[in-house]
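Q: task: produce atomic coordinates for the following.
(2 chains)
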Protein chains: 2
Amino acid sequence: MSFAQRLERCARLIDARLEALLEGPWRKGDHLDQAPDRLRAAMTHAALGGGKRFRPFLVLETAALFGLGPGPAVEAACALELIHCYSLAHDDLPSMDNDPVRRGRPSVWKAFDDWTAILAGDALQTLAFERLADPATHPDPAVRIELVSVLARASGAAGMAGGQALDLAAEKLPGSTPLSAAEVRHLQGMKTGALMVAACEMGAILGRASPDERERLLAYGEALGLAFQIADDLLDAEGDASVVGKAVAKDSAAGKATLVSLLGLDTARAELANAEQRAIAALAPFGSRASHLKAAARFVVNREH
Amino acid sequence: MSFAQRLERCARLIDARLEALLEGPWRKGDHLDQAPDRLRAAMTHAALGGGKRFRPFLVLETAALFGLGPGPAVEAACALELIHCYSLAHDDLPSMDNDPVRRGRPSVWKAFDDWTAILAGDALQTLAFERLADPATHPDPAVRIELVSVLARASGAAGMAGGQALDLAAEKLPGSTPLSAAEVRHLQGMKTGALMVAACEMGAILGRASPDERERLLAYGEALGLAFQIADDLLDAEGDASVVGKAVAKDSAAGKATLVSLLGLDTARAELANAEQRAIAALAPFGSRASHLKAAARFVVNREH
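A: Predicted structure coming up:
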């Protein structure tokens, strides 16, 4: 199976599970049937709608390094994706990035309204932790609680939410000094990288990786996160809105500091290639078992949207 | 020690732990020192500032029924309070309840701005689950993951967040039909009651209560939550702003359906007395050990703010 086929298979698996979780048929223990219809509809809008499911793919593929099929990793992968989807629903809000379009569709606040988008994001975050706590995620409570710990650290004030706070502070607070390249790297490492690293770490936890293997996968996730962000900035600077599916050249129009604007196109491309190399090198001990994760690094570098 | 002294002792304990968590000195494993200053300041503003810490008190006192001192329950109690504080930070937002004052101080969005208040709420929620996952909460991973599960269910789309969604839908969506008393009870049970029930259930989990004891404590929490909400509505209808510390008569001015407006003052007072009785009756098997929880029910009914 090619990389594209595996990514597609993962997306179908995640879509199906998230759809069942949010819209039924509900399993015993799921209880979203008791959520108000409008809130659930907004959560569904935020969670379903054409995401590539790249982060869940990382969970599944790192778990696969240790012989796990997609089934035993899918619940944890969904939980991670729910966190990603909650963050998008909130980031798009008028008081945050003010983005009316997401993946070629109205963003949640545009399709509903601000308060519904805030609550839908809130409830998606809660659902992520609720799912991790469910025995369906893993039979061992010690594994489940470690997944909660890793996902919470990656997505909280010292991770994803903190990165978004730094990003918005630089953009919105009067008198903010322009960010340096090091500061942009730090910010992006929190905002985007932390969740990619968590994806790899969660796969490693599910696979009961050795400490050394886990370190390798963290290094892979870190390099991949950086590559992902530079590629995103390059797409923003060079991309075509009809392909990317959202407003482009928005960052440069807003005078926002990105690695591309700070380093220039050529240096940014070189840093991207370097990050790709480091990601692939970190996987060396896994040999050919890691071919799909290596392909993921190449995909990140070469993606068009 | 009187009820008031025990409540005060609990508040000091929770305040001290939340302060250390958010402002240091940080313990090994805490990592909020890596959060951006502005975000952390907003989280601190939301989490510290004169709350009665009534929900944490319920955790501590239900755990105490089973011989646990405050120490072994304080982390779980703090996690629950972080969820409560996140919800207040979001509920006060202009696009939600538009409340500029909370506990006599500017609410988070007023002291900072909307995006900071949204992210602070988000990160407080994450921190709650991060804390529950920490071994300091309880040495047994099975206990910790059960706490995560109970808190997530109580605070998500079928609980607290769902209740707020129902409340805002009734208020904001054009063409909403006025709520009936049964619908208001249902809504308030989700919005306010679920977290009170969770507080009692978390204490029961920490105390390794029997299934029957746990049922009793859930029944207590449910009656207490209803009493709390009716008392709140009565305060809104009758209270004095300088004592309550927030805008009063706001609900009636907004034409908002409450049990008081739907049933009238006398019937609402009778329902309040009935809920108090049920709360106290549920505690019967615990005998005099439950005197503080019984006092909590009386406190809820008679509080002035």
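Q: name the helices or strands packed onto the helix ranked longest in chain A?
A: Looking across chain A with DSSP state H, the single longest helix is helix A:211-238. Here helix A:211-238 touches helix A:54-64, helix A:181-188, helix A:194-206, helix A:250-253, helix A:259-263, helix A:265-282, helix A:291-302, going by 3 or more CB pairs under 8 Å, 6 or more residues apart in numbering or on different chains; DSSP states H and E. C-betas here are computed from N, CA, C, even on glycine.
Q: and the angle from it to helix A:181-188?
A: Counting by axes from the mean of the first three to the mean of the last three CA atoms, to 10 degrees, helix A:211-238 lies at 110 degrees to helix A:181-188.
Q: list the buried residues in helix A:211-238.
A: Of the residues in helix A:211-238, A:213-214, A:216-237 count as buried by neighbour count, 16 or more other CB atoms under 10 Å in any protein chain shown.
Q: now the element after the helix or strand harbouring A:Glu81, going C-ward?
A: Taking DSSP states H and E as the definition, one finds A:Glu81 inside helix A:71-91. From helix A:71-91 onward toward the C-terminus, using DSSP H and E, the following helix or strand is strand A:101-102.
Q: paired strands for that next one, with orientation please.
A: Strands adjacent to strand A:101-102 in the sheet, as given by DSSP bridges, are strand A:105-106 (antiparallel).
Q: elements contacting the very next helix or strand once past the partner strand?
A: Moving toward the C-terminus from strand A:105-106, the first helix or strand encountered (DSSP H and E) is helix A:108-111. Helix A:108-111 sits against helix A:37-47, helix A:114-133, with contacts defined as 3+ CB pairs under 8 Å, 6+ apart.
Q: out of the helices and strands packed on helix A:211-238, the one nearest chain B is which?
A: Between chain B and the helices and strands packed on helix A:211-238, the tightest spacing by CB to the nearest CB is seen for helix A:181-188, at 9.1 Å.
Q: put the alpha carbons of that closest one into PDB.
A: Provided in PDB are the C-alpha atoms of helix A:181-188 (Å, rounded to 0.1, in the frame of the first residue of the first chain):
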ATOM      1  CA  ALA A 181      13.500  33.700  13.900                       C
ATOM      2  CA  ALA A 182      14.400  31.900  17.200                       C
ATOM      3  CA  GLU A 183      11.200  33.300  18.800                       C
ATOM      4  CA  VAL A 184       9.100  32.200  15.800                       C
ATOM      5  CA  ARG A 185      10.700  28.700  16.000                       C
ATOM      6  CA  HIS A 186       9.900  28.500  19.700                       C
ATOM      7  CA  LEU A 187       6.300  29.700  19.100                       C
ATOM      8  CA  GLN A 188       5.700  27.300  16.300                       C
END
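Q: kindly report the residues of the stretch 101-250 of chain A close to chain B.
A: A:113-116, A:118-119, A:121-123, A:125-127, A:129-130, A:132-134, A:141-142, A:144-146, A:148-149, A:152-153, A:155-158, A:161-162, A:164-166, A:168-169, A:172-173 (CB under 8 Å from any CB of the partner chain).
Q: restricted to buried residues, select those in PyMOL.
A: Of these, the buried ones can be selected in PyMOL as follows, counting by 16+ other CB under 10 Å:
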select buried, chain A and resi 113+114+115+116+118+119+121+122+123+125+126+127+129+130+132+133+134+141+144+145+146+148+149+152+153+155+156+157+158+161+162+164+165+166+168+169
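Q: could you dump the helices and strands packed on helix A:108-111 into JSON lines with mean pLDDT added?
A: What follows is the helices and strands packed on helix A:108-111, written out as JSON lines (pLDDT from 0 to 100):
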{"stretch": "helix A:37-47", "mean pLDDT": "97"}
{"stretch": "helix A:114-133", "mean pLDDT": "98"}
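Q: Serialize those helices to a markdown table and add fields for distance to B:Ser180.
A: Converted to a markdown table, these look like this (distance: least, CB to CB, whole Å):
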| stretch | distance to B:Ser180 |
| --- | --- |
| helix A:37-47 | 17 |
| helix A:114-133 | 23 |
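Q: just for the stretch 201-305 of chain A, where's the confidence low?
A: Applying pLDDT under 70 to the stretch 201-305 of chain A flags the ranges A:239-255, A:305.
Q: same thing but 90
A: Residue ranges of the stretch 201-305 of chain A with pLDDT under 90: A:232-233, A:235-259, A:261, A:302-305.
Q: mind checking how far the nearest residue to A:Leu179 once chain neighbours are set aside is from chain B?
A: Closest residue to A:Leu179 apart from its sequence neighbours, by CB to CB, 6 or more residues apart in numbering or on different chains: A:Ala257 at 4.4 Å. Distance, A:Ala257 to chain B, using CB to the nearest CB, to the nearest Å: 16 Å.
Q: likewise for A:Gly67?
A: In this view, A:Gly67 and chain B are 23 Å apart by CB to the nearest CB.
Q: state the phi and psi torsions of the residue nearest to that residue when sequence neighbours are not counted.
A: Computed as CB to CB, 6+ apart, the closest residue to A:Gly67 that is not its neighbour in sequence is A:Gly207, at 7.3 Å. Main-chain torsions, A:Gly207, degrees, to the nearest 10: phi -90, psi 0.
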